[in-house]
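Visitor: what follows is a predicted protein model with its sequence.
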Amino acid sequence: MVEIKIIDSIMGSGKTSWAIQYMNEAPVAEKFIYITPFLTEVERVKISVNGRNFIEPNNANAEKRKMRSLKHLIVKGADIVSTHSLFQTADDELIELLTDAGYTLILDEVMDVIEPVNVNASDIKKLESSGDIEIQGNKVTWKGDPHDDSRYRDIRVLAQAGNLFYHRGKFLIWSFPPRVFRAFETVKVLTYLFDGQLQRYYYDMFNFDYEYFAVKREGDRFELADYDKQAERRDEVYRLIDLYDGKLNEVGKRNNALSSTYLRRADVDVLKQLRNNLYNYFMNIAGVKKEQMYWSTLKEIERSITPKGYRNRAIPVNARATNEYREVGAIAYVFNRYPNPHERAFFEDNGVSVNVEALAVSDLLQWIWRSRIREGQSIKLYLPSSRMRKLLREWAEYGI
């Protein structure tokens with residue numbers, strides 16, 4: 001039975017420092033796989049963990065694939081550090097190699113554990129009627145040519161790995177194979193607000209047990225402590241945020257304003273208003289140059305509302321894996337975060353409730369933390385969605 005510890009501590013509390021300390025002090029016999037979204041953290045682990053030679057998988061092999069390198073390193077019993085993107089391509093062979101190999105997995109930030117698959121309903125029906133796939137309940141099994149290399153190859157690979165689910169007769173959902181987590185003796189997840197993240201719902205759906213902990217600093221040491229959100233000093237973080245409160249927020253006063261659906265349906269006048277608001281905020285209210293700001297919105301409308309003079313400063317609304325903007329002091333989040341309806345329906349149809357508010361705040365805080373607030377410096381924030389401002393205040397008051 002895998003032991004899963006969720007190290008749920010606010011950004012900047014020392015989760016990665018604790019993990020490095022833990023690996024430095026672990027018995028030589030304990031082997032680690034450290035997975036992170038940050039390339040900079042890959043280097044930090046390789047440099048900072050003493051007495052161990054952490055190796056990053058590469059493509060210097062006959063297959064020219066990092067996955068082959070990862071498998072070879074597991075066979076050798078090496079300590080391994082890599083990125084989420086490689087780990088997400090786990091297959092049956094990797095799971096077999098990990099099983100009973102005695103590794104501890106340290107997962108720096110949660111992973112994208114489910115994702116809608118881009119295939120239309122007619123193709124699903126075609127594959128089913130031809131006998132290539134079989135759908136039992138919501139599980140998709142591949143019954144066709146085991147080496148099919150047609151345009152349905154991706155469907156075949158996912159179904160053969162047991163990671164494909166048919167949902168509500170309309171779409172397919174890819175799920176990261178839960179057997180990967182079960183192949184480890186111990187899993188430690190370094191994150192914040194785990195209750196609002198899809199990996200939590202995934203763990204619940206696949207009946208994983210997990211415990212919550214936090215990191216606290218004692219002098220020069222980092223220790224695990226009981227999880228207590230009241231100890232997070234959220235008020236101190238909130239005081240660093242100069243949250244805009246003025247007429248530019250009128251565009252987001254309705255509760256559902258600036259959601260994905262709202263923005264996709266927005267007319268020319270609304271898009272023009274958003275563009276003008278962004279320009280006004282950054283130029284006249286925040287008074288910053290291009291290099292001192294970043295902003296986000298739904299990718300589909302990004303070009304339509306990019307303010308003049310501030311091009312190439314938009315980042316994804318769910319940005320986590322970057323330190324590139326750590327000196328930025330003015331930011332704007334033109335979005336009202338709701339879960340993907342397909343993903344939410346998938347979990348809820350499988351008996352797992354989704355905390356919509358916690359999910360929204362979790363993504364917003366990670367996004368805010370790309371700025372210089374991570375250095376303990378104040379920032380200016382334009383958050384026109386009335387709902388998102390309300391959720392941020394509720395988080396600061398420990399209501400979420």
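Guide: Arrived safely. Numbering: from 1, shown residues only.

Visitor: list the residues that contact Leu164.
Guide: Val117, Lys139, Val140, Ile155, Leu158, Leu172, Ile173, Trp174, Ser175 (Cβ atoms under 8 Å, 6 or more residues apart in numbering). In this view, the C-beta of every residue, glycine as well, is placed from N, C-alpha and C.

Visitor: and the third one, helix, strand or coil?
Guide: What DSSP: H, G, I helix; E, B strand; the rest coil gives for Val140 is strand.

Visitor: confidence score at the closest residue in space to it that isn't next to it in sequence?
Guide: Of all residues not flanking Val140 in the chain, Leu164 sits nearest, at 4.1 Å (Cβ to Cβ, 6 or more residues apart in numbering). Leu164 is assigned a pLDDT of 84 by the prediction.

Visitor: before we move on, back to that, give me the subset of the contacts of Leu164 lying in helices.
Guide: If you go by DSSP state H, these have Ile155, Leu158 in helices.

Visitor: can you add pLDDT, neighbour count and distance to Arg320 and give the contacts of Leu164 back as CSV?
Guide: Output for the contacts of Leu164, formatted as CSV (pLDDT from 0 to 100; neighbours: other Cβ atoms under 10 Å; distance: Cβ to Cβ, whole Å):
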residue, pLDDT, neighbour count, distance to Arg320
Val117, 82, 17, 23
Lys139, 85, 13, 30
Val140, 89, 25, 30
Ile155, 85, 24, 29
Leu158, 80, 20, 24
Leu172, 79, 25, 26
Ile173, 83, 21, 22
Trp174, 82, 20, 20
Ser175, 84, 18, 20
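
Visitor: which one of the contacts of Leu164 is nearest to Pro341?
Guide: Taking Cβ to Cβ as the measure, Pro341 lies nearest Ile173 of the contacts of Leu164, at 12.1 Å.

Visitor: show me what contacts Ile301?
Guide: Leu263, Arg264, Ala266, Leu271.

Visitor: so it sits in a helix?
Guide: Yes. Ile301 forms part of a helix when assessed by three-state DSSP.

Visitor: if we can go back for a sec, now do the phi/psi pair for the residue nearest to Val140.
Guide: As for Leu164, its main-chain torsions (degrees, to the nearest 10) stand at phi -120, psi 130.

Visitor: from the contact counts, what lies against the longest strand seen in the chain?
Guide: Longest strand in the chain by number of residues (criterion: DSSP state E): strand 211-218. Packing partners of strand 211-218 (3 or more Cβ pairs under 8 Å, 6 or more residues apart in numbering; DSSP states H and E): strand 3-8, strand 221-226.

Visitor: so which bits of the last one are buried?
Guide: This points to strand 221-226. Neighbour-count burial for strand 221-226 flags Phe222 (criterion: 16 or more other Cβ atoms under 10 Å).

Visitor: run through who's touching the helix or strand following that strand.
Guide: Downstream of strand 221-226, the first helix or strand assigned by DSSP states H and E is helix 234-239. Outside helix 234-239, the residues within contact range by Cβ under 8 Å, 6+ apart are Ile10, Ile373, Leu392, Arg393, Trp395, Ala396, Glu397, Tyr398.

Visitor: now the fifth one: how far from Gly102?
Guide: Look at Trp395 and Gly102: by Cβ to Cβ, to the nearest Å, they are 39 Å apart.

Visitor: try the third one
Guide: With the distance defined as Cβ to Cβ, Leu392 ends up 43 Å from Gly102.

Visitor: okay, these two: which has more neighbours?
Guide: Using other Cβ atoms under 10 Å as the criterion, Leu392 and Gly102 rank with Leu392 on top: 23 against 13.

Visitor: gap between the helix or strand containing the more buried one and the chain center?
Guide: Assigned by DSSP H and E, Leu392 falls within helix 386-396. With Cα atoms, centre = their mean, to the nearest Å as the basis, helix 386-396 stands 20 Å off its chain's centre.

Visitor: packing partners of it?
Guide: Short answer (3+ Cβ pairs under 8 Å, 6+ apart): helix 386-396 packs on helix 234-239, strand 241-243, helix 356-368.
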